[in-house]
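> model this:
(one chain, ligands or ions: 1)
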Amino acid sequence: MTTNEDNLKKIISHAKEYGFVFPSSEIYDGLSAVYDYGQLGAELKKNIKDFWWKSMVQMHENIVGIDAAIFMHPETWKASGHVDAFNDPLIDNKDSKKRYRADVLIEEYIEKIRLKNEKEVEKGKKRFADNFDETQFRATNPNILRNQAKIDEVTSRFKTAMENDNLADIKTLIEDLEIACPLSGSKNWTDVKQFNLMFSTEIGSVAEAANKIYLRPETAQGIFVNFLNVQKTSRLKIPFGIAQIGKAFRNEIVARQFIFRMREFEQMEMQFFVRPGEEMKWYEYWKSERINWHLSLGIDEKNYRFHDHVKLAHYANAACDIEFNFPMGFKELEGIHSRTDFDLKQHEKHSGKKLQYFDPEINQNYVPYVVETSIGLDRTFLAIFSSSYKEEQLEDGSERTVLKLPAFLAPYKAAVLPLVKKDGLPEKAREIMDLLKYDYNCQYDEKDSVGKRYRRQDAIGTPFCITVDHESLEDDKVTIRDRDTMQQERVAISEVENIIRKKLTRENSR
Ligand code: ATP
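Here you go, the predicted structure:
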């Protein structure tokens, strides 16, 4: 049986082997939790970004996009609360010298018990077959009830400790639960400490007084400080949204999960400004919009779930995550937060400027409330990449590795392959490249046998291979092979573009 760890290893090595993701500065042995996107990774990432931008900005008349600077006035981060409160509780294992997030250790403990219950349900399903009543089973099975009671107890103690910032209680909880260091098995823990995640640097030359500034830990604040600039220049009326894609930086404590948790990453965020009192309606609206966005990628619904926050951030009155079943289990992919008027009010206070909106419908000035959708671009990449990765046994007994990416996100839409490197076939293939390349990113490949070339394209997720053979010179037809079904069809060259275009609509993309 393959473990989660094996799965993640396979994904990491496939990503590296085919030029999707490399460790940063690898010739110097890499930099922890920093990664570079290679030639294919950059394409896939760009396609995901474009898809998000189109869905959020182009498809909503009342959402516009901006591109704010990474550096911001240092006062921004005092106002937002990040200087004082953007902390994670860290704990070190004294024997392995490994550092962990105390909250993550507890969440993983809870998740393990939940998985035990899922296994019980699976067993029950098998045992009772058609007569299985899952609701009744969950409500009566003694093992499930015992496990659920444990989950409730741990969650409640964890929540209270986090809400009271009681670090000693968090340590006691870890000790009471006998949580061991996953690497060494040791239960010899230090006290829990708070650790601020913001990177800082200095701005200004030596001659001037240098000023400490931060690398932004989220893109949202660039939107808040520009709220009135955008509103006035766009003349948008509430409710409206401002979207942004950009880099964010966090000095993460635990950095061992590939591009899931990076110290430099990208966020795709949208702040939706609403009338006070209407935030819950919009919170529910964006929850449903965002889950539908994910489902439109065609990834199995079972891989997503909502998770309400145990501890609300200092700015939120409701918050949940969309979690995804990553190779290492269910983890946060996107956050949806009702941030109240906290940020805008704080910026009013710290800047001395009014950040209010005049609502002509009710003839009132107010500071709008905000509902935020915040998704990690790199985590979305990992979700799509890992769920597309398949090792298939073929009928003839051979195996293939195929990346079943949604076609519209694939780095290359088609590969053009002359059967042999002579007899005028490369020239004919080049003509097809010229026909397609303005609209679609295509790859020309004439090296190795056609079978090997098919495998290479499968492994990088190219939806179509177009093969030019000797007959093509006579009849202007080519063989087009579908990545997923491996079916080959002989079609007129003039038809090829149509076939590709059809596949790239989202409904046909998987
Ligand atoms: P986590 O609990 O996993 O640390 P978070 O709750 O701190 O995440 P948010 O502050 O809500 O994350 O950030 C919004 C989104 O940004 C997350 O849903 C995630 O997709 C992404 N993100 C956050 N931190 C990282 C990181 N270190 N590396 C990659 N993506 C990240």
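> and this protein, which of its residues are near the ligand?
218, 250, 252, 261-262, 265, 267, 332-335, 374-376, 378-379 (C-beta under 6 Å from any ligand atom). Any C-beta I mention is one placed from the backbone N, CA and C, and that applies to glycine too.
> and of those residues, the nearest to the ligand?
Nearest to the ligand out of the residues of the chain next to the ligand is G376 (C-beta to the nearest ligand atom; 2.3 Å).
> Quick one, grab the pLDDT at the closest one.
For G376, the model assigns a pLDDT of 98.
> So what's the residue count around it?
Neighbourhood size, G376 [other C-beta atoms under 10 Å]: 23.
> same deal with I12?
When neighbours are counted by other C-beta under 10 Å, I12 comes out with 20.
> what's the answer for I242, then?
If you count neighbours by other C-beta under 10 Å, I242 ends up with 27.
> picking up where we left off before, show me the residues of the chain next to the ligand that map onto helices.
Cross-referencing the residues of the chain next to the ligand against helices under DSSP state H gives D378, R379.
> In terms of model confidence, name the weakest of the residues of the chain next to the ligand.
Among the residues of the chain next to the ligand, E252 has the weakest pLDDT, 90.
> if I look at D469, how far off is H307?
Between D469 and H307 the computed distance is 53 Å (C-beta to C-beta, to the nearest Å).
> quick one, which of the two is more surrounded?
The neighbour comparison of D469 against H307 (other C-beta under 10 Å) goes to D469, with 19 against 15.
> give the contact list for that one.
L419, L425, V478, T479 (C-beta atoms under 8 Å, 6 or more residues apart in numbering).
> Farthest-apart pair in these, please.
Maximum pairwise distance among these (C-beta to C-beta): 12.4 Å, between L425 and T479.
> Neighbours of N508, how many?
N508, neighbours per other C-beta under 10 Å, totals 14.
> That one reaches K502, doesn't it?
Yes. Contact status for N508 versus K502: in contact at 5.9 Å, counting by C-beta atoms under 8 Å.
> What separation do you get for the closest residue to K78 other than its chain neighbours and Q231?
Distances taken as C-beta to C-beta, 6 or more residues apart in numbering place H350 nearest to K78, at 6.4 Å, with adjacent residues excluded. In this structure, H350 and Q231 are 19 Å apart, going by C-beta to C-beta.
> quick one, which of those two is more surrounded?
Shown here are H350 and Q231; by other C-beta under 10 Å, Q231 has more neighbours (20 against 15).
> Which phi and psi values does that one adopt?
phi -60, psi -40 (degrees, to the nearest 10).
> Dig out what the residue nearest to it when sequence neighbours are not counted forms beta bridges with.
Once flanking residues are discounted, Q231 sits nearest to Y357: 6.5 Å by C-beta to C-beta, 6+ apart. Bridge pairing for Y357 (DSSP bridges) gives the partners Y366.
> so how far is A68 from Y357?
In terms of C-beta to C-beta, Y357 sits 20 Å off from A68.
> Which one of those two is surrounded by more residues?
Y357 (22 against 18).
> give the contact list for the more buried one.
Y357 neighbours (C-beta under 8 Å, 6+ apart): Q231, I238, F273, N365, Y366, V367, P368.
> What secondary structure category should be reported for A69?
coil (DSSP: H, G, I helix; E, B strand; the rest coil).
> So what's the residue count around it?
Around A69 there are 8 residues (other C-beta under 10 Å).
> contacting residues for it?
With C-beta under 8 Å, 6+ apart, A69 has these contacts: G222.
> Relative to the ligand, how far out is it?
Counting by C-beta to the nearest ligand atom, to the nearest Å, the gap from A69 to the ligand is 19 Å.
> Any idea how far apart the tips of stretch 198-218 sit?
10 Å (C-alpha to C-alpha, to the nearest Å).
> mind checking how far it is from the chain centre?
On the basis of C-alpha atoms, centre = their mean, to the nearest Å, stretch 198-218 sits 29 Å off its chain's mean C-alpha point.
> Next: stretch 11-23.
Stretch 11-23 has its C-alpha centroid displaced from the chain centroid by 17 Å (C-alpha atoms, centre = their mean).
> model confidence over it, on average?
On average, stretch 11-23 scores 97.
> Any idea how far apart the tips of that stretch sit?
Using C-alpha to C-alpha, first and last residues of stretch 11-23 are 13 Å apart.
> Stretch 475-486 now?
23 Å.
> buried residues in it?
K477, V478, T479, I480, R481, R483 (16 or more other C-beta atoms under 10 Å).
> so what's the second one bridging to?
In this entry, V478 is beta-bridged to V491, by DSSP bridges.
> Now for it: which residues touch it?
I432, I466, T467, V468, D469, S472, R490, V491, I493, V496.
> same check, this time on E120
E120 neighbours (C-beta under 8 Å, 6+ apart): N141, N143, I144, N147.
> what about the first one, neighbour count?
Pointing back at N141 there. Neighbour tally, N141, other C-beta under 10 Å: 17.
> cool, and the second one?
Here the number of neighbours of N143 (other C-beta under 10 Å) works out to 12.
> From the contacts of E120, pick the one nearest the ligand.
Among these, and counting by C-beta to the nearest ligand atom, the member closest to the ligand is N147, at 23.9 Å.
> Helix, strand, or coil at P426?
Following three-state DSSP, the label given to P426 is helix.
> Next one: it from L417, what distance?
10 Å.
> same thing with R483?
R483 is 13 Å from L417, where distance means C-beta to C-beta.
> P463 now?
14 Å.
> Assess the claim that N251 and L215 are in contact.
No. Between N251 and L215 there is no contact under C-beta under 8 Å: 9.3 Å.
> Common neighbours of those two, please.
M198, F199.
> circling back to that earlier point, now flag whichever of the residues of the chain next to the ligand is closest to I170.
E252 (18.4 Å).
> so who does that closest one touch?
A33, D88, L197, R261, M262, R263.
> Any of these buried? List them.
A33, D88, R261, M262, R263.
> how about the nearest residue to the last one, chain neighbours excluded?
So that's R263. A33 is the one closest to R263 (C-beta to C-beta, 6+ apart), at 4.5 Å.
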